[in-house]
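Engineer: Show me the folded form of this:
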Amino acid sequence: MSEPSFPQPTLADLVATLNVEQTDERHFAATQLDNPHHHIVGGHIAGQALMAASRTAPGRVPHSMHAYYLRAGDASRPVDLQVEVARDGGTLSTRQVTARQDGHVLLEMLSSFTTAVEAPEHQLPMPDVPEPDSVQPVQAQLAAYADELGGYWVQPHPFNQRYIDPPPRAALDLGEPSPRIRLWWKPCEAVPVDAALHSALLTYLTGTKMVETAVAMRGATQASAFNALIDHALWFQRPVDLSDWVLSDQVSPSGVAGRGLGSATMYNRAGQLVCVATQELYFGRGRQ
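Structural biologist: The predicted model follows:
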């Protein structure tokens with residue numbers, strides 16, 4: 001079998017590059033995950049920016065981030081992340097992160113961090129779905145497409161994934177776009193216990209998987225349709241524990257003017273809400 005057209009990084013490489021190198025008080029060097037097209041992955045650089053900001057807010061955990069992707073960069077070279085302290089309050093800390101390469105701004109992010117607060121809680125219940133152990137791994141679910149795109153659909157992935165609804169490639173053959181995609185996911189191996197790292201890994205996951213519903217509504221898959229992230233927002237309701245499965249309930253509420261909106265609600269195995277995420281994609285002028 002030939003090499004996949006769009007090779008996935010290993011989990012070890014993903015974790016290593018999310019742990020950005022601090023070069024001085026306010027700057028971090030972010031090594032990218034290079035690929036044949038030298039394309040910087042939006043969810044990856046957003047996760048790196050979140051990690052850089054978190055290192056300047058010790059003792060606090062991420063509770064939200066809002067990123068705008070301004071231009072493409074070159075994944076064969078590192079990116080400079082500059083962190084500005086916008087505010088440190090009694091409970092909340094806010095950071096502004098600017099990602100630059102060759103003096104050009106690639107990303108602007110505001111992120112916020114919090115201490116623990118005792119207060120009343122409420123949430124919508126988790127959807128009633130099968131347990132992850134009763135669902136086949138995605139490689140088995142897409143075995144019929146193993147020869148496509150150099151094995152793209154069944155290649156190793158940094159996250160184990162088990163789709164409750166048909167995976168996008170299988171749904172394409174059903175002839176009807178799926179407005180909702182629910183899947184269980186977790187890293188394929190154990191990762192260090194670090195609340196910021198787990199939030200950054202979740203950020204990466206949303207940047208690569210949440211696009212699926214918006215693309216599917218156009219009768220395509222991620223591998224066949226041009227798409228680029230425009231903006232990305234996450235609200236971490238509680239620290240996510242990636243030693244166990246996480247349920248992602250994904251929908252695309254809208255697609256207009258060459259853009260597609262995606263949303264995901266994520267729960268842990270205990271049914272607690274851990275994250276709400278939104279993002280918007282750009283598909284181009286009439287491009288598929």
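Engineer: mind listing what Glu148 touches?
Structural biologist: By Cβ atoms under 8 Å, 6 or more residues apart in numbering, Glu148 lies in contact with Arg169. To be clear about C-beta, it is placed using only N, CA and C from the backbone, and glycine gets the same treatment.
Engineer: State the distance from it to Ser178.
Structural biologist: Per Cβ to Cβ, to the nearest Å, Glu148 is found 19 Å from Ser178.
Engineer: same thing with Ala264?
Structural biologist: Applying Cβ to Cβ to Ala264 and Ser178 gives a distance of 14 Å.
Engineer: Which one's more surrounded, those two?
Structural biologist: Shown here are Ala264 and Ser178; by other Cβ atoms under 10 Å, Ala264 has more neighbours (25 against 22).
Engineer: May I ask which helix or strand encompasses that one?
Structural biologist: strand 259-268 (DSSP states H and E).
Engineer: Only the buried residues of stretch 38-51, if you could.
Structural biologist: Residues of stretch 38-51 classed as buried: 39-51 (neighbour count, 16 or more other Cβ atoms under 10 Å).
Engineer: Which of the residues you listed fall within helices?
Structural biologist: Gly42, Gly43, His44, Ile45, Ala46, Gly47, Gln48, Ala49, Leu50, Met51 (DSSP state H).
Engineer: Now that the second one has come up, it's in contact with Leu202, right?
Structural biologist: No - applying Cβ atoms under 8 Å, one finds Gly43 not in contact with Leu202, separated by 9.4 Å.
Engineer: quick one on the thing from earlier: could you dump the ones in helices among the buried residues of stretch 38-51 to a markdown table with distance to Ala57?
Structural biologist: A markdown table is the format used below for these (distance: Cβ to Cβ, whole Å):
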| residue | distance to Ala57 |
| --- | --- |
| Gly42 | 23 |
| Gly43 | 21 |
| His44 | 21 |
| Ile45 | 19 |
| Ala46 | 17 |
| Gly47 | 16 |
| Gln48 | 15 |
| Ala49 | 13 |
| Leu50 | 11 |
| Met51 | 11 |
